[in-house]
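[1] For reference, the sequence and a predicted model appear below.
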Amino acid sequence: MEKTGIHLEKYCLLKEIGRGGCATVYLAVDERLGQKWAVKKIEKSQAGEVREWEILKKLNYPAFPRIVDVLSQGDTLYLVMEYVEGKNLQEEYKMGIRLSEETLLELGLCLCGALEYLHACSPPVIYRDLKPSNIIHCPDGSFRIVDFGAAALFRGGAREDRERWGTKGFCAPEQMQGKCCAQSDIYSMGKTLAYLGGDTVSRKFQRILNRCTRQDPGKRYASARETKNRIEKLLREKRQNHRLRRISILVLAGGVLAGIVYGIFEQAERRQYVYWMNQARSAAALGGSHEAEVRRYYETAIRFAPENDSGFLELLSYYGKEGETQRGISVVKEIMAVYAQNSKAYGDVWEEIGFLYLGGNPAEEGFCTSDEKAADAFSHAADAGIAMAGKWRRTAELISGADDPEEEELLKENLNEMEQETERLPEQARIRRMLILAQIYRRLDGNTGGEEMEQAVRILEHAQSMASDSGDRETFRNVRLQLAQMYYACGLQKQDSGMMKRAMQNYEMLIQEEGIERQERQILLKLAYGYRVMEDWEAAAAWYRKIIELYPEEPEGYSGYGWMLLLNGDAEQAEEICRAGEAAADVDGDINFLRLKERLEVMNE
């Protein structure tokens, strides 16, 4: 492929793949890893009031491309983003490609889910330019939304804009007057679907589109979620009717014809699997309150392709991120029991369950490991033909007997062998196993901060380097979280200020990341206590105040800050913090807060 001659650090721009407004998009390649990326070139003077990358970098949703880098050269900015393969829907329309009504409904659900996510951000994000040319139809049948150049932050009421954003024929009437709100995006979505469907859509679908595109924003659907519910109901009706027709056709068909018809139906089943997997991923990105929806979508996808492990693994990952690892294991086992005909099924799923029981879940520190349950899960994985599962089972068995010197030596030999084995694995699988090995070394160390902890740190630092090069933001964040936890534990146990300083640096970078909401409070508490251990009282106080600001109903911020002040001789301010905690937080069950209060009362007698 001919190159443009433009080099940006490790990226080489191969060719121009898009142009519009004030930006040019190039296909680029990471010259070290060979991975393809899309690079958007923007003049700084045209970057806009709210910069596109400032919105994109905070988004974590399957329908949007990830942004991995922002580079600056003189007056030009380059946004390095995930490369999304496929044609945009405007290109397909011009080529004469028309989407069936069922596919249009699937597209509608995808767009509704994406808008629901954007509008639920804090502050909400209004996309402002939804149209066919900004929607990519991917080879797997899914849809992705690109180009956030017109997106804006919404802070209540109708947003007033000095400039007119949107595309004529798709943008809402109020946008043409310089105003926009969440219903403006719903209007654009309705216009997009109506344009793609033309005169072929059913009456029921047309009624939904008419409601989306009413002139008065107050007469449209109140939210993307409400719109999604209406579209989903219509899609279920259509699929039920299709299912009945399929049964009728198979009954009437015979012999070779039945085989041909069955093959067509099998292709449709695969398409349904891809669709419901995408729906599940989109619902999962919305967070814990959508658990029932996430589970239903994954179960529906699994029903269309029960032999595929991916649905089970993603469902397990979803529960892990939500801090519900044990519930996730139970749910996945329950679904596997419905489809598994014998023990030689779902090897990768059993292996992942074994890893969770063996190494725990760094994102959920309360999850209890179990060597016995790990060994049982690895047995199932070995029965299903997973190559290294037998060795992992042996590792779990040896950990149980690690108090015996002979068993401990065997375990160390086993771990060295496992580490060497991981070097032959693909990058993501290798990183995953390195995290497990690090957790095992941490468990073996106990509370000594000795050789095993140093081994864990070494493995994690190597994993972090690999994750950084991979460009996978989520993997890098997970590795950094585990490494920060390891530095923190090492700093406390060995009283090593260097390790504690590294922990603080990593936690401070993590706290700025998206996707750590469930770990945020624990990270803040560790930042406050870590700086307290380092006797950086000013930094510790700043983090304690941040905890109280963000979590006023939780007692830990008040008790930690109060004790620090008291031990540093400022009893008066400690009393102030204590009174504030009593007024705002649920302190009855917090032993540290109650002891602080008791100590202050004794001092005042």
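    That came through fine.
[2] switch to C-alpha atoms for all contacts and neighbour counts from now on
    Noted.
[3] Would you double-check that residue 444 falls in a helix?
    Yes - following the definition DSSP: H, G, I helix; E, B strand; the rest coil, residue 444 is counted among the residues of a helix.
[4] need the contact list for residue 56.
    For residue 56, the contacting residues are 66-67, 148, taking CA atoms under 8 Å, 6 or more residues apart in numbering as the criterion.
[5] Where does pLDDT dip in the stretch 51-200 of the chain?
    Within the stretch 51-200 of the chain, the segments meeting pLDDT under 70 span 51-53, 152-165.
[6] Give the buried residues for stretch 227-239.
    For stretch 227-239, burial by neighbour count (16 or more other CA atoms under 10 Å) applies to 227-228, 231-232, 234-235.
[7] Go through those and name the one nearest residue 129.
    Nearest to residue 129 among the buried residues of stretch 227-239: residue 227, at 18.3 Å, using CA to CA.
[8] Please name the nearest non-neighbouring residue to that closest one.
    Nearest residue to residue 227, sequence neighbours excluded (CA to CA, 6 or more residues apart in numbering): residue 221, at 6.1 Å.
[9] for the one you found, helix, strand, or coil?
    When states are read from three-state DSSP, the local structure at residue 221 comes out as coil.
[10] picking up where we left off before, give me the subset of the buried residues of stretch 227-239 lying in helices.
    Judged by DSSP state H, helices contain the following of the buried residues of stretch 227-239: 227-228, 231-232, 234-235.
[11] My guess is residue 593 contacts residue 561. True?
    No - taking contacts as CA atoms under 8 Å, residue 593 lies outside contact range of residue 561: 10.1 Å.
[12] and the residue nearest to residue 227, what is it in contact with?
    The contact partners of residue 221, by CA under 8 Å, 6+ apart, come to 183, 186, 211-212, 227.
[13] how about the nearest residue to residue 497, chain neighbours excluded?
    Ranked by CA to CA, 6+ apart and with sequence neighbours excluded, the top spatial neighbour of residue 497 is residue 491, at 6.1 Å.
[14] Now do that neighbour, the pLDDT please.
    On the pLDDT scale, residue 491 is placed at 90.
[15] Could you say which helix or strand holds it?
    Counting by DSSP states H and E, the secondary-structure element that holds residue 491 is helix 473-494.
[16] Not counting that helix itself, show me its contacts.
    Counting by CA under 8 Å, 6+ apart, 68, 362-363, 435, 442, 447-449, 453, 456-457, 460-461, 463-464, 467-468, 496-500, 502-504, 506-507, 510, 513, 530 sit against helix 473-494.
[17] could you flag which of those are buried?
    Those of these that meet the buried threshold are 68, 362-363, 435, 442, 449, 453, 456-457, 460, 463-464, 467, 496-497, 499-500, 502-504, 506-507, 510, 513, 530, by 16+ other CA under 10 Å.
[18] ok, residue 178 - how many residues close by?
    Taking other CA atoms under 10 Å as the criterion, the count of residues near residue 178 is 15.
[19] And for residue 376?
    Residues within reach of residue 376, counting by other CA under 10 Å, total 20.
[20] contacting residues for it?
    Residues near residue 376 by CA under 8 Å, 6+ apart: 354, 393.
[21] and it, what pLDDT?
    Turning to residue 376, the model gives it a pLDDT of 94.
[22] part of a helix, is it?
    Yes - the assignment for residue 376 (three-state DSSP) places it in a helix.
[23] Report the separation between it and residue 441.
    The span separating residue 376 from residue 441 equals 21 Å under the rule CA to CA, to the nearest Å.
[24] what's the answer for residue 292, then?
    Relative to residue 441, residue 292 is positioned 37 Å away (CA to CA).
[25] Quick check on the two: which one has the bigger neighbour count.
    The residue with more neighbours, out of residue 292 and residue 441, is residue 441; 21 against 10, by other CA under 10 Å.
[26] what kind of secondary structure is the more buried one in?
    Applying three-state DSSP to residue 441 yields a three-state assignment of helix.
[27] can you check residue 210 too?
    For residue 210, the reduced secondary structure class is helix; criterion used: three-state DSSP.
[28] which secondary structure element contains the residue nearest to it when sequence neighbours are not counted?
    Closest residue to residue 210 in three dimensions, ignoring its sequence neighbours and counting by CA to CA, 6+ apart: residue 190, at 7.6 Å. For residue 190, the host element (DSSP H and E) is helix 182-197.
[29] Buried ones in that helix, by neighbour count?
    Neighbour-count burial for helix 182-197 flags 182-197 (criterion: 16+ other CA under 10 Å).
[30] Over to stretch 116-124?
    Using 16+ other CA under 10 Å as the test for burial, stretch 116-124 gives 116-119, 124.
[31] what about residue 279, how many neighbours?
    When neighbours are counted by other CA under 10 Å, residue 279 comes out with 24.
[32] Tell me who's in contact with it.
    Counting by CA under 8 Å, 6+ apart, residue 279 touches 109-110, 297.
[33] in the stretch 151-300 of the chain, which spans are strands?
    According to DSSP state E, counting those that start in this stretch, the stretch 151-300 of the chain carries its strands in the segments 152-153, 159-160, 179-180.
[34] For the stretch 351-500 of the chain, give me the ranges with low pLDDT.
    Scanning the stretch 351-500 of the chain for pLDDT under 70 picks out 401-403, 446-450, 470-471.
[35] Out of the contacts of residue 279, which is nearest to residue 597?
    Comparing these against residue 597 with CA to CA picks out residue 297 as the nearest, at 49.4 Å.
[36] so the closest one makes contact with residue 282?
    No - taking CA under 8 Å as the contact criterion, residue 297 and residue 282 are not neighbours in contact, 9.8 Å apart.
[37] quick one: pLDDT of residue 40?
    At residue 40 the predicted local distance difference test score is 86.
[38] Does it belong to a helix, a strand or coil?
    strand.
[39] how many neighbours does it have?
    Under the criterion other CA under 10 Å, the count of neighbours that residue 40 has is 22.
[40] In space, what's closest to it - neighbours in sequence excluded?
    Spatial nearest neighbour of residue 40, chain neighbours left out: residue 25 (4.3 Å); criterion: CA to CA, 6+ apart.
[41] Which residues does the one you found form beta bridges with?
    With beta bridges defined as DSSP bridges, residue 25 has these partners: residue 18, residue 40.
[42] Contact partners for it?
    Residue 25 makes contacts with 16-19, 38-41, as judged by CA under 8 Å, 6+ apart.
[43] Same check on residue 565?
    The contact partners of residue 565, taken as CA under 8 Å, 6+ apart, are 571, 573-574.
[44] so which helix or strand takes in it?
    With elements taken from DSSP H and E, the one containing residue 565 is helix 556-567.
[45] what's the following helix or strand after that helix?
    Next along from helix 556-567, by DSSP H and E: helix 571-584.
[46] tell me the average confidence for that next one?
    For helix 571-584, mean pLDDT is 89.
[47] From residue 554, how far off is the nearest residue to residue 564 once chain neighbours are set aside?
    Closest residue in space to residue 564, ignoring its immediate chain neighbours: residue 532 at 7.6 Å, by CA to CA, 6+ apart. With distances taken as CA to CA, residue 532 is found 19 Å from residue 554.
[48] Residue 345 too?
    Distance check for residue 345 against residue 554: by CA to CA, it reads 45 Å.
[49] The closest residue to residue 174 other than its chain neighbours bridge partners, please.
    For residue 174, the nearest residue in space outside its immediate sequence neighbours is residue 180; the separation is 6.1 Å by CA to CA, 6+ apart. When assigned by DSSP bridges, residue 180 has beta-bridge partners residue 159.
[50] For residue 180, the count of nearby residues, please.
    Residues near residue 180, counting by other CA under 10 Å, number 27.
[51] swap in residue 427?
    The burial count assigned to residue 427 is 14, neighbours taken as other CA under 10 Å.
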